[in-house]
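Q: Curious how this folds, go ahead:
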Amino acid sequence: MNDDNPQRRETLLIIDDEAPQRDALAGYLRKRGFQVHVADSGSAGLAILDKEVIDLILTDFRMPGMDGMAVLEAARQRNPDIEVVLVTAYGSVTGAVDAMREGAFHYLEKPVDLDALDVIVERALERHHLVSENRQMKARLAEGQQGGRLEGIIAADPVMELALNSAARAAASHATVLILGESGTGKELVARAVHAASPRRGGPFVPVNCAALSESLMESELFGHEKGAFTGAAALHKGRFEQAEGGTLFIDEVGEIPPSAQIKLLRVLQERLVERVGGTRAVPVDVRVVAATHRDLRQMTRDGTFREDLYYRLNVVTVSLPPLRHRRRDIPVLIDSFLARYSAENGKPLAGLSREAMDALMRYDYPGNVRELQNILERAIVMAREPQLSTRDLPPEVLAGGADGGIETPTAGGDVSSDAIHLPDQVEALERQAIHDALQRTGGIQSRAAELLGLTERNLRYKLRKYGLK
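A: As a prediction, the model looks like this:
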């Protein structure tokens, strides 16, 4: 085995009654670093499956005795997470497409194109890992265990797990926490989880959204006011700081606080004293502050719109939440969670999503992040007419946003051409998207992306130049 083909942890099973085809595929995939088992019949393949942990099956579609469709059904009964790729002659393409509707991942035509084989095997294994992680995550959630992370937050992507690990470490302290992230990434959810995991969990969690308050009401809401402090102040009002006594105050969209209130907020953080509007005495408060914003506070300090000393007071511990487009492994986990929730709420039990719908949701970039995915699925469930969600139930922007970079599944009906899937430009598009996704997941670190893709760094650099990726 050479350096270009590092050892892989995945194990493949090849089932084919024709020895030349079986041995050629096995030899190539072993050179690619995979562990490979071979069988000359469907029954022999299932016997191996009963003894070994298999991640992916490549099976001939037409075989005497048990054919590929029967192998697919029996394998899925043994392991619902396993992926199956069919190898078929041109005359059996239509049957292979039917098998895809029954759960096969994809098909390859004989003679097998090795570039197409590489791409489909990698995509099938990635889906296998996603489904397995999804199932494990749901099991941990059902048991109420989060593996030491914050409770109540769904995350399977390493990028999100890093952010949550930072938040979990901060939760055990009394330090002020600043949560950064785009709208819809779950900043308040993380703030609530930090409070629940903190020594102040027995106290109140009090949220305030500064973007929803006018400048005239901001100080009164945060710091309270005395009776008669202004027209309409008919009684004493304790502000959010006093309401959060002994607990956590969550200041959402802290970047929207006007300069006059910024000065008072700084004093509270420094001295732990609140002075109500119209008051003459300072009231001591024991409150932990968690703040959040989608804005660039550092740039705002340069622009003079946010106090630098307040920024440093808030920025004791920073937790940066990645947008959903940078944590795609979380998408299927979130989909399952939202499907279960909204199916129950609307009394519409569903059998999941079609493969085409899942592919479209996996490719979409979600400018509104998790909140947008949540809204998409709630609407789809409410409007669905079939027991399984399909692309017909998804909004146009999701389908338009997923036009590039995925494995296209032939539509039902009509003839299926032999190059419907394996045109060279489509193979390159798949590889380009896989590299792009790997770089996003690893924060642009090429060595980690290469490891994720099963490539050497030299090969990855070549492909980056080839596809014009940076």
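
Q: and residue 456, how many neighbours does it have?
A: By other CB atoms under 10 Å, the residues close to residue 456 number 17. Using the backbone N, CA and C atoms, a C-beta is placed for each residue, glycine as well.

Q: Was I right to think it contacts residue 449?
A: No - Residue 456 lies out of contact with residue 449 (CB atoms under 8 Å); the separation is 11.5 Å.

Q: For the most centrally placed residue in the chain, give me its contacts.
A: Compute the mean C-alpha point of the chain, and by CA atoms, centre = their mean the closest residue is residue 330, 2.1 Å away. Taking CB atoms under 8 Å, 6 or more residues apart in numbering as the criterion, residue 330 is in contact with 154, 155, 156, 157, 160, 324.

Q: Which residue ranges make up each domain of the chain?
A: 1-153, 158-321, 326-401, 423-470 (automatic domain parsing).

Q: roughly how far out does the second one sit from the chain middle?
A: This points to domain 158-321. Here domain 158-321 is found 28 Å from its chain centre; the criterion is CA atoms, centre = their mean, to the nearest Å.

Q: now it: mean pLDDT?
A: What domain 158-321 shows for mean pLDDT is 90.

Q: For that domain, what is the spacing between the initial and final residues?
A: 12 Å (CA to CA, to the nearest Å).

Q: Now the strand or helix carrying residue 170: buried residues?
A: Applying DSSP states H and E as the criterion places residue 170 in helix 158-171. Buried residues in helix 158-171, counted by 16 or more other CB atoms under 10 Å: 159, 160, 161, 163, 164, 166, 167, 168, 170, 171.

Q: and these as CSV, adding distance to residue 8?
A: Formatted as CSV, those follow (distance: CB to CB, whole Å):
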residue, distance to residue 8
159, 22
160, 25
161, 23
163, 28
164, 28
166, 31
167, 33
168, 32
170, 37
171, 37
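
Q: beta partners for residue 107?
A: residue 86 (DSSP bridges).

Q: Which pLDDT value goes with it?
A: pLDDT, residue 107: 83.

Q: correct me, but it touches residue 94?
A: No - between residue 107 and residue 94 there is no contact under CB under 8 Å: 10.4 Å.

Q: Check the residue nearest to the centre of the chain and give its pLDDT.
A: pLDDT, read off for residue 330, is 88.

Q: measure it to residue 336 for me?
A: In this view, residue 330 and residue 336 are 11 Å apart by CB to CB, to the nearest Å.

Q: Ok, residue 85 next?
A: In this view, residue 85 and residue 336 are 24 Å apart by CB to CB.

Q: And the two? Which one has more around it.
A: residue 85 (24 against 20).

Q: Can you report how many residues neighbour the nearest residue to residue 383 once chain neighbours are set aside?
A: Using CB to CB, 6 or more residues apart in numbering and skipping residues adjacent in sequence, the residue nearest residue 383 is residue 393, 6.1 Å away. Neighbourhood size, residue 393 [other CB under 10 Å]: 21.

Q: For residue 41, which residues are in contact?
A: Per CB under 8 Å, 6+ apart, neighbours of residue 41: 15, 17, 63, 64, 65, 66.

Q: Taking those, tell me the two that lie furthest apart.
A: 15 and 64 (12.2 Å; CB to CB).

Q: Tell me which of these two has more neighbours.
A: In this view residue 15 and residue 64 are compared by other CB under 10 Å, and residue 15 has more residues nearby, 28 against 8.

Q: any idea how far the more buried one lies from residue 85?
A: Distance from residue 15 to residue 85, by CB to CB: 11 Å.

Q: what is in contact with those two at once?
A: 57, 58, 59.

Q: Please pick the buried ones from these.
A: 57, 58, 59.

Q: Would you map the strands across this structure?
A: 11-15, 35-39, 56-60, 83-88, 106-109, 177-180, 205-209, 248-252, 273-275, 282-284, 288-293, 317-320 (DSSP state E).

Q: for the second one, packing partners?
A: Here strand 35-39 is seen to pack against strand 11-15, helix 19-31, helix 42-51 when contacts are counted using 3 or more CB pairs under 8 Å, 6 or more residues apart in numbering; DSSP states H and E.

Q: Which one of the ones you listed lies nearest to residue 341?
A: Across these, closest to residue 341 is helix 42-51 (CB to CB), at 34.2 Å.

Q: what about the closest one, average pLDDT?
A: 93.

Q: ok, and what's touching that helix?
A: 13, 15, 37, 39, 54, 57, 59, 63, 65-68, 70-71, 74-75, 78-79, 82.

Q: Please apply the same query to stretch 351-362.
A: Taking CB under 8 Å, 6+ apart as the rule, stretch 351-362 contacts 100, 328, 331-332, 335, 339, 373, 376, 387-391, 393-394, 398-399, 402, 406-407, 409.

Q: Just the CA trace of it, in CSV.
A: Extracted in CSV, the C-alpha atoms of stretch 351-362 (Å, rounded to 0.1, in the frame of the first residue of the first chain):
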residue,chain,number,x,y,z
ALA,A,351,-42.6,7.9,7.4
GLY,A,352,-39.7,10.4,7.1
LEU,A,353,-38.4,12.0,4.0
SER,A,354,-37.7,10.8,0.5
ARG,A,355,-34.0,10.6,-0.5
GLU,A,356,-34.5,13.5,-2.9
ALA,A,357,-35.9,15.7,-0.2
MET,A,358,-33.1,14.8,2.2
ASP,A,359,-30.5,15.5,-0.5
ALA,A,360,-32.1,18.9,-1.2
LEU,A,361,-32.2,19.8,2.5
MET,A,362,-28.6,18.7,2.9
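
Q: for it, what is the average pLDDT?
A: Rounded mean pLDDT across stretch 351-362 is 86.

Q: Just the buried residues of it, please?
A: Applying 16+ other CB under 10 Å to stretch 351-362 flags 353, 354, 355, 356, 357, 358, 359, 360, 361, 362 as buried.

Q: Just to be sure, which of those residues are found in helices?
A: 355, 356, 357, 358, 359, 360, 361, 362 (DSSP state H).

Q: Same list, the residues you listed, but as CSV with distance to residue 346 please.
A: Shown next, in CSV, are those (distance: CB to CB, whole Å):
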residue, distance to residue 346
355, 23
356, 23
357, 18
358, 20
359, 24
360, 22
361, 19
362, 24
